[in-house]
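> After the sequence you'll find the predicted model.
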Amino acid sequence: MATQSPTRARRPVKKLDDEPQLIQLLTPEGERIDHPDYPLELTAEQSRALYRDLVLVRRVDAEGTALQRQGELGLWASLLGQEAAQVGSGRALRADDFAFPTYREHGVAWCRDVPPVNLLGMFRGVNNGGWDPNEKNFSLYTIVLGAQVLHAVGYAMGIQRDGTDDAVIAYFGDGASSQGDVNEAFIFAASYNAPVVFFCQNNQWAISEPTERQSKIPLYRRADGFGFPGVRVDGNDVFACLAVTRAALERARTGNGPTLVEAFTYRMAAHTTSDDPTRYRTNDEVELWRTRDPILRLKTYLVAQGQADDEFFAAVDAEADVLAAQVRAGCLSLPDPEPLTMFDYTYTEPHAQVIEERAALAEYLDGFAERGNE
Amino acid sequence: MTTVTLAKALNMGLRRAMENDPKVLLMGEDIGKLGGVFRITDGLQKDFGEDRVIDSPLAESGIIGTAVGLALRGYRPVCEIQFDGFVFPAFDQITTQVAKIHARSLGTVRMPMVIRIPYGGGIGAVEHHSESPEALFAHTAGLRVMACSNPVDGYWMIQQAIASDDPVIFFEPKRRYWEKAELDETATEAPRPVDRAVVVRPGTDLTLAAHGPMVRVCLDAARAAEADGRSLEVIDLRTISPLDVDTVTASVRRTGRLVIVQEAPSFFGLSAELAAQVTERCFYQLEAPVGRVGGFHAPYPPSRLEEIYLPDLDRVLDAVDRAFDH
């Protein structure tokens, strides 16, 4: 019998009931429940709009995975399973608020009106960022874990100096919660009472490492030590994510400082298309989380409430297919960049070394062109 | 004309930049009431308030990372890193974020940020307080790297760095903070462009190129060599990225000899890059191989040994002798 490592704890499959203080407004069975601190009134139209967001975002994500499998993208980071966390929080933002994503926030990007095909440039390798952050109030995808969380706090400090009531949301994951930058961001935000919401999607897995490897306590409770409130929300419940994020943003914009929101969710797909999750997690766990699907529970609710009919669901599915076809066509028509563009934007005005090296490469490449013409 | 130290000149330059542009903010550890451990920000919090002169938590990555957000929001943060050896917690933010955001955003986001670093040895300090890490930053595209050597340049270059829309790593030679010069603060324009080296002492027989604290050493060496009948030209490089190779090659074409002096280790340093570029361009004008005088490939030594580690007059003249003996 193998010796049990003293540093390796057994990992039981988590049940939602085990999670203390989990804010939930829509159960996995599609039952609407109230929470005294997070009242939420939505019209049928608003609920349908959230459903449409979830379905379209999932469809875009599936197309991203398909494009990678067909060799059109070098990599894709799937958000499958995290749609409610992203759409709920993303729809809580006002136009002038600013969001700082990781590299998986395709659902938030959707809420910020970033065209889905613009997300693909980085994954296809034609650019490193496909939108103007200041036009969308949505920063560029940031691959270095946690770096963007400090940027969010700095942006929030700028808002304080401008005297507006905008707020900022910083996205990161359970893995990044171990990063120094995230912890420093908590300290700066607390110290300056910055108008920022820290939105941690705890999807249970940092590639192969479980959340238990990152934290001995539930992540939301970390906020206590930094001096601001933390709250855990059912990250697969779009209503709860909307209500909790909206409250945290309101708290920020009224001068009451930061909040840590831990959206308790699950990464249903691999970390990225390069990952093989069968090496580190069980099928039982995945199947358990499948029963907590964010889209299915909202559909059940809409049907039970008589807020949507088959015609609506069919129309959303059809729209999703059209969108996916647009994403695919847009991806295939993304032009390869010209070689010399690699020097563009290194500086606001090219400096001596850039000018010299670009000229040398141009001359070298021209040599091939001349020989080709002989 | 006023007689000012480099420390005071930098303080005056920061003040003027803050007066000229309300978006300029200072951030750093102990820069408020204390005025910074070297007093470079002395009195600025009192006059500009805590919102513009920000005492930060003791976290260097936090300082630079939040400065990125402030820059994104339209501010021009000027960050103080207390000592050279303490910049490394922020190295990730500087190299993966600050340096690349303009390119990553295809030019839509600018990072007008200055990171001031008191650097170099010669003050008898403890470990991590005497280093010269400029090559690490010059190796990263997207950053501009400057080093001032005297009060007049300190006053003007810090303002030029703040006015730059690119991020600037601004090295201040801490052992020269108390050296004085005459400064005309009524002038409205910087006496020279920011991205050029300058000949600070003309000569005909050999070129000495240096930056920051070593410019003074090279000027002393040139004076000493004069007694031996050798005329040395001294160039203050001032900017490390971009590197003004043209000014150096123009000099070397006249003198035929070059010795490069730096405090930082020679191995993989600025002097290696400059020697390679000058050799490529002036191969037939060179009378001797390019000489290098610098720190050694060893951790910066305990301060009782730093006089041996740091290039001084004798080591520079020794390299000059070798260039003439070749």
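All right, it came through fine.
> residue contacts, residue B:98?
B:64, B:67, B:68, B:111, B:113, B:115, B:142, B:143, B:167 (CB atoms under 8 Å, 6 or more residues apart in numbering or on different chains). Glycine gets a C-beta too; all of them are placed from N, C-alpha and C.
> if we go to 10 Å?
Residue B:98 makes contact with B:64-65, B:67-68, B:71, B:79, B:90, B:92, B:111, B:113, B:115, B:140, B:142-143, B:166-167, B:169, according to CB atoms under 10 Å, 6 or more residues apart in numbering or on different chains.
> overlap between the residues you listed and the residues near chain A?
B:64, B:65, B:67, B:68, B:71, B:92, B:111, B:142, B:143, B:166, B:167 (CB under 10 Å from any CB of the partner chain).
> Could you single out the nearest of these to residue B:315?
Lowest distance from residue B:315 to those (CB to CB) belongs to residue B:143, with 29.6 Å.
> Torsion angles phi and psi at the closest one?
Backbone geometry at residue B:143, expressed as degrees, to the nearest 10, gives phi -100, psi 140.
> how many other residues sit next to residue 281?
Since you didn't name a chain, this refers to chain A. Neighbours of residue A:281 under the rule other CB atoms under 10 Å in any protein chain shown: 16.
> Wait, chain B was what I had in mind.
16.
> secondary structure class for it?
Recorded secondary structure, residue B:281: helix (DSSP: H, G, I helix; E, B strand; the rest coil).
> how close does it sit to residue B:292?
17 Å (CB to CB, to the nearest Å).
> For the residue nearest the centre of chain A, which residues are in contact?
For chain A, the residue nearest the mean C-alpha position is residue A:105 (2.5 Å; CA atoms, centre = their mean). Residues counted as contacts of residue A:105 (CB under 10 Å, 6+ apart) are A:77, A:79, A:82, A:85-86, A:89-90, A:99, A:111-112, A:114, A:119, A:138-139, A:141-142, A:171, A:199, A:201.
> ditto for residue A:129
Residues near residue A:129 by CB under 10 Å, 6+ apart: A:118, A:121-122, A:139-142, B:100-101, B:103-106, B:108-109.
> pull the CA atoms of the helix or strand residue B:79 falls within into PDB?
For residue B:79, the element it lies in under DSSP states H and E is strand B:76-80. Extracted in PDB, the C-alpha atoms of strand B:76-80 (Å, rounded to 0.1, in the frame of the first residue of the first chain):
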ATOM      1  CA  ARG B  76       1.000  60.500 -15.700                       C
ATOM      2  CA  PRO B  77       2.400  58.600 -12.700                       C
ATOM      3  CA  VAL B  78       6.000  59.200 -11.600                       C
ATOM      4  CA  CYS B  79       6.900  56.200  -9.400                       C
ATOM      5  CA  GLU B  80       9.800  56.200  -7.000                       C
END
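> Need the residues that contact the following helix or strand past it.
Using DSSP H and E, the helix or strand that directly follows strand B:76-80 along the chain is helix B:91-92. The contact list for helix B:91-92, computed with CB under 10 Å, 6+ apart, reads A:144, A:146-147, A:179-181, B:60-61, B:64-65, B:98, B:133, B:136-137, B:140.
> Of these, which count as buried by neighbour count?
A:144, A:146-147, A:179, A:181, B:60-61, B:64-65, B:98, B:133, B:136-137, B:140 (16 or more other CB atoms under 10 Å in any protein chain shown).
> Just the ones in helices from those, please.
Of those, the ones assigned to helices by DSSP state H are A:147, A:181, B:60, B:61, B:64, B:65, B:136, B:137.
> Now tabulate those residues in CSV and tack on pLDDT.
Shown next, in CSV, are these (pLDDT from 0 to 100):
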residue, pLDDT
A:147, 98
A:181, 98
B:60, 98
B:61, 98
B:64, 98
B:65, 98
B:136, 98
B:137, 98
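> quick check, nearest of those residues to residue B:32?
Once CB to CB is applied, the member of those that ends up nearest residue B:32 is residue B:60, at 16.8 Å.
> in stretch A:240-253, what counts as buried?
Result for stretch A:240-253 [16+ other CB under 10 Å]: buried residues A:240-249, A:251-253.
> how about that stretch, does it get close to chain B?
No. Stretch A:240-253 stays clear of chain B (CB under 10 Å from any CB), getting no nearer than 14.3 Å.
> Could I get the full set of helices for the stretch 251-374 of chain A?
A:283-290, A:294-304, A:310-332, A:352-373 (DSSP state H, counting those that start in this stretch).
> Residue B:263: which of those is closest?
That would be helix A:352-373 among the helices of the stretch 251-374 of chain A, by CB to CB, at 22.5 Å.
> Tell me which other helices or strands that closest one touches.
Counting contacts by 3 or more CB pairs under 10 Å, 6 or more residues apart in numbering or on different chains; DSSP states H and E, helix A:352-373 packs against strand B:239-241, helix B:245-255, helix B:270-282.
> What segments of the chain are strands?
Picking chain A for this. Under the criterion DSSP state E, strands of chain A are mapped to A:22-23, A:98-100, A:168-173, A:196-202, A:205-206, A:209-210, A:230-234, A:259-264.
> look at chain B instead
Counting by DSSP E, chain B has these strands, from start to end: B:2-5, B:24-28, B:53-55, B:76-80, B:114-119, B:144-147, B:168-173, B:180-183, B:198-201, B:206-210, B:232-236, B:239-241, B:258-265, B:291-295.
> As JSON lines, the ones you listed with mean pLDDT and mean neighbour count would be great.
Listed next are the strands of chain B as JSON lines, based on pLDDT from 0 to 100; neighbours: other CB atoms under 10 Å in any protein chain shown:
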{"stretch": "strand B:2-5", "mean pLDDT": "97", "mean neighbour count": "16"}
{"stretch": "strand B:24-28", "mean pLDDT": "98", "mean neighbour count": "24"}
{"stretch": "strand B:53-55", "mean pLDDT": "98", "mean neighbour count": "22"}
{"stretch": "strand B:76-80", "mean pLDDT": "98", "mean neighbour count": "27"}
{"stretch": "strand B:114-119", "mean pLDDT": "98", "mean neighbour count": "27"}
{"stretch": "strand B:144-147", "mean pLDDT": "98", "mean neighbour count": "26"}
{"stretch": "strand B:168-173", "mean pLDDT": "98", "mean neighbour count": "27"}
{"stretch": "strand B:180-183", "mean pLDDT": "97", "mean neighbour count": "16"}
{"stretch": "strand B:198-201", "mean pLDDT": "98", "mean neighbour count": "18"}
{"stretch": "strand B:206-210", "mean pLDDT": "98", "mean neighbour count": "29"}
{"stretch": "strand B:232-236", "mean pLDDT": "98", "mean neighbour count": "25"}
{"stretch": "strand B:239-241", "mean pLDDT": "98", "mean neighbour count": "26"}
{"stretch": "strand B:258-265", "mean pLDDT": "98", "mean neighbour count": "27"}
{"stretch": "strand B:291-295", "mean pLDDT": "98", "mean neighbour count": "23"}
